[in-house]
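A.B. asks: following is a predicted model, sequence given first.
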Amino acid sequence: MILKISKLKTHFSTPDGLVRAVDTIDLSIRERETVGLIGETGCGKTVLGLTITRLLQSSTTVKGTIIYKETNLLKISETEMRRIRGDEIAMILQNPTTSLNPVMRVGEQIAEVIRLHQGLNKKDAAEKAIKMLGSVRIPSPSQRANEYPHEFSGGMKQRVMIAMGLACNPSLIIADEPTKGLDVTIKSQIIKLLKEVTKEKAMLLITHDLSVARALCDRIALMYAGELVECAPAGEIFDAPRHPYTRGFLGSLPRNGLVPIPGMSPSLINLPQGCRFHPRCANAKAICKRKHPGMTEIEDGHFVRCFDA
Amino acid sequence: MTGVKVNNVLGSLGLGILAILITVAIFAPQIAPYDPHDTYKWMERPSSEHLLGTNDVGNDILSEVIYGTRVSLFIAFTVSITAIIIGTALGLIAGYSSGVLGFLIMRIVDIFLTIPRMVLIIVLAAFLTQSIWNLIVIFIIFGWMMTARIVRSEVLTLRSQYYVDSAKMLGGSDRYIIWRHILPNVVPLVVVQFIMEASHVIIAEAGISFLGLGDPVARSWGTIFNYAFEYPNIILSDAWMWWMLPPGLCIAATVLGLTFVGYALEERLNPKLKTVVGMEA
C-alpha cells in the first residue's frame, strides 16, 4: 500500500456556509496500481488531489489521515512536504498550455525540478532534462530543450508536463485531467505514453473522461457530491456497475445512447438528507430519503454505497 | 509589410541621445575644456576660448554644463534605480503575500499617493541643507509608489498562473517561485517604470534647482539655469542664448531621449500600440 486515505474530510468555510468538498473518503492505492477517480465537475475530485499534496489554503479544514508509505502527510511540516512534492509525489496538471512558464526554456524548467530535489549541478540536470524529454517521445530532445513553450504544440506541452512530473522518479503520480483540451488522436497518444511511463508507478488519475479511465486504470472510484459511491476493479465498473449513479454515468456516454442523468448534482453546501443521490435516482425508496447509506463490500473488492445494490 | 516601424526609429534615436549624454557625464573631466570652478573674465561672449562664454563669476559655461550633465544624470539614475528596487520589492511582497502585510503596504502606498508630491518636495528641500544627497533621498521617498502598485497588480495575475501552481506542486518554495517565475515576468514592466521615473526626476530636479533649492556646489542644469535667470535683466541682453538655453536644451533632450526609449519599449511589451507608417490601420 503506497497511499492510504482514511476518513478524509476537506471543508471550506465560505460566507454562504460550509462547503463539504471532500466528505469522509477512504481510498487506498497499491504499488504500481492506477486508480481512476471519476465524477462530474464540482464533485470534489481536484480538491482531493490538492488535499493529498497539501496545496490548499491554510484556512481549509482537513481531517482524517493520508498515509503515504509510512508518513501521515497531514502531520508533517511544510518543509518536509515540499521535499515530498515533486520528488515522491508528483502532480501533472490539466492545462498544459498555461502550466509552463512562457519566459523559460523548456529544458531549463525540467532541469529546475531535478536540481531542486536531487542537487545535481546545472550541466548534469540539463542532460537529465534532455533524457526526460526523450523518454516522453519528444523528437530531437536536445534541440527542443532549448526552445520556449510557445514553440510546442498542445500535445507536446503535455508531454513536457509529464516529463517534468516524472523527472525525479516519484513513486506516486497524481494526474489531474491529463488529456483535457487535447484532440482525439493526441489524446490516445498521451494515454499510451502515460500507460508506458507509469507502468512501474502508482497513479491517481482524476478525470471525468471514462474512455481515459478505461484505458489506464486498474481500479476506478466514482465520486459524487464529495463522497465515493462505488469503487471496484475497472472491468467490473464497466461491465457490472452497481450504483445507480455509475449506471447513469455510463448511460450518458455517446455509445450508450447519451441518456442524461436527470436533475443536477447538489450544492456541496446544502447536501440532501439521506442518500445524496436519491433526488436524481429512479429507484429511490423511502429509506433512501431518511438514511445515509454506508460503503458495503458486495463482492470481493467491489464497494457500493447503495441500499439497493 | 514594408512600412517603417516609427517607434523603432524613435527608440534608436532616444538611445542615441541617452548614450551621448551618459558618455558626456562619465568623461566630463576629459571633455570639459576647463574646471567649472575656475574663474576667468566674467560675462564674456562666446569666443574660441570659451565656446559658450562665461557667467557672472567668470566660470566657463560649457564646462559648467558638461559637469552639470553629471550631476543631473547622477541624481536621476540614482533616484530611479533605488525607487524602482524599493517599489518592486514591496510590490512583490504585497502581491505575493496579499495578507495583512500586503494590505498594509498598499495602504501606505495610498497614503503616499495622496500627498501632493511636488509641494512637499519643495518644502522639504527648502528646510533641509542644500545637497544633492538630500534631494536624492527626498525624491526616492516620493518615487516608489507607482512601481509598487503596478508590480503588485501584475504579481496578482502571475500568482494565479498555472505554471506557478505547477512549480508549487513540484516542490518549489515561495522564495524560488518569486525569483524564478514571478520576477522575470515583472522585469519588462519595471524597466518602463524606471524610464518614466528617470524622466520625471530630471524635470522635478530641474524645477527644484530652478527655485534655488539645488546644491550650489554640485551644480546641475537646473541650478545653472537658476543662476542665469537670477542675473539682472538677462532676458534683455544676449547672454540668455549661451547661458540659459544650453542647460534648458539638455534637460529637454534628456527627457525626449527617455520618452522615446520608453515609447519603443512599451510598444515592444504591448504590440497593439504598434504604429507603422505606410500601412492603413
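C.D. replies: Nice, thanks for sending it over. Source: prediction; values computed, not measured.

A.B. asks: would you map the strands across chain B?
C.D. replies: With DSSP state E as the criterion, chain B has strands at B:4-5, B:276-277.

A.B. asks: confidence-wise, which of those strands is weakest overall?
C.D. replies: Here the lowest mean pLDDT among those goes to strand B:276-277, at a mean of 54.

A.B. asks: which residues touch the closest residue to residue B:40 other than its chain neighbours?
C.D. replies: What sits nearest to residue B:40 in space, not counting adjacent residues and going by CB to CB, 6 or more residues apart in numbering or on different chains, is residue B:58, at 4.8 Å. For every residue, glycine as well, the C-beta is placed using N, CA and C. Residues near residue B:58 by CB atoms under 8 Å, 6 or more residues apart in numbering or on different chains: B:39-43.

A.B. asks: quick check: the farthest pair among those residues?
C.D. replies: Within these, B:39 and B:43 form the most distant pair, 11.7 Å apart (CB to CB).

A.B. asks: quick check: residues of chain A near chain B?
C.D. replies: Among all residues of chain A, those adjacent to chain B (criterion: CB under 8 Å from any CB of the partner chain) are A:53, A:55, A:82-87, A:90-91, A:93, A:95, A:98-104, A:112-113, A:116-117, A:161, A:164-165.

A.B. asks: picking that back up, could you dump the contacts of residue B:58 to TSV with distance to residue B:223 and neighbour count?
C.D. replies: Rendered in TSV, the data for the contacts of residue B:58 read as follows (distance: CB to CB, whole Å; neighbours: other CB atoms under 10 Å in any protein chain shown):
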residue	distance to residue B:223	neighbour count
B:39	17	13
B:40	19	15
B:41	22	10
B:42	18	12
B:43	18	14
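
A.B. asks: pipe these into JSON lines and attach pLDDT per row.
C.D. replies: As requested, those are arranged in JSON lines below (pLDDT from 0 to 100):
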{"residue": "B:39", "pLDDT": "82"}
{"residue": "B:40", "pLDDT": "83"}
{"residue": "B:41", "pLDDT": "83"}
{"residue": "B:42", "pLDDT": "80"}
{"residue": "B:43", "pLDDT": "81"}
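
A.B. asks: okay, and the helix or strand of chain B with the least pLDDT?
C.D. replies: Ranked by mean pLDDT, DSSP states H and E, the helix or strand of chain B with the weakest confidence is strand B:276-277, at a mean of 54.

A.B. asks: give me the number of residues near residue 133?
C.D. replies: No chain was given, so I picked chain A. By the other CB atoms under 10 Å in any protein chain shown criterion, the neighbourhood of residue A:133 contains 26 residues.

A.B. asks: was after chain B, sorry
C.D. replies: Based on other CB under 10 Å, the number of other residues close to residue B:133 is 13.

A.B. asks: also residue A:31?
C.D. replies: A count of nearby residues for residue A:31, using other CB under 10 Å, gives 12.

A.B. asks: what residues does it make contact with?
C.D. replies: With contact taken as CB under 8 Å, 6+ apart, residue A:31 is in contact with A:1-2, A:171, A:202.

A.B. asks: now the residue in the stretch 101-250 of chain A that chain B sits nearest to, nearest residue through space, not along the chain?
C.D. replies: When scored by CB to the nearest CB, the stretch 101-250 of chain A has residue A:101 as its residue closest to chain B, at 4.4 Å. Beyond its immediate neighbours in the sequence, the residue positioned closest to residue A:101 (CB to CB, 6+ apart) is residue B:163, lying 4.4 Å away.

A.B. asks: just the buried ones from the residues of chain A next to chain B?
C.D. replies: Buried residues within these, defined by neighbour count using 16 or more other CB atoms under 10 Å in any protein chain shown: A:53, A:82, A:84-87, A:90-91, A:93, A:95, A:98-101, A:104, A:112-113, A:116-117, A:161, A:164-165.

A.B. asks: which of those fall in helices?
C.D. replies: Restricting these to those inside helices, with DSSP state H as the criterion, leaves A:82, A:84, A:112-113, A:116-117, A:161, A:164-165.

A.B. asks: closest to residue B:257 out of those residues?
C.D. replies: Out of these, the one with the shortest distance to residue B:257 is residue A:112. That distance is 38.6 Å, counting by CB to CB.

A.B. asks: check the secondary structure at residue A:173 for me.
C.D. replies: strand (DSSP: H, G, I helix; E, B strand; the rest coil).

A.B. asks: how much space between residue A:62 and residue B:248?
C.D. replies: For residue A:62, the distance to residue B:248 (CB to CB, to the nearest Å) stands at 67 Å.

A.B. asks: how about residue A:173?
C.D. replies: With CB to CB as the criterion, residue A:173 and residue B:248 are 68 Å apart.

A.B. asks: which of the two has more neighbours?
C.D. replies: When residue A:173 and residue B:248 are compared for neighbours, residue A:173 comes out ahead with 22 against 17, by other CB under 10 Å.

A.B. asks: surely that one touches residue A:202?
C.D. replies: Yes - Residue A:173 is within contact range of residue A:202, at 7.3 Å (criterion: CB atoms under 8 Å).

A.B. asks: how about residue 260, nearest residue that isn't a chain neighbour?
C.D. replies: No chain was given, so I picked chain A. What sits nearest to residue A:260 in space, not counting adjacent residues and going by CB to CB, 6+ apart, is residue A:252, at 5.5 Å.

A.B. asks: wrong one, chain B
C.D. replies: residue B:14 (2.8 Å).

A.B. asks: coming back round to it: what's the pLDDT at the residue of the stretch 101-250 of chain A closest to chain B?
C.D. replies: Among the per-residue scores, residue A:101 shows a pLDDT of 89.

A.B. asks: what residues are up against it?
C.D. replies: The contact partners of residue A:101, by CB under 8 Å, 6+ apart, come to A:109, A:149, B:161, B:163, B:167, B:180-181, B:185.

A.B. asks: relative to residue B:93, how far out is residue B:165?
C.D. replies: As for residue B:165, its distance to residue B:93 is 20 Å (criterion: CB to CB).
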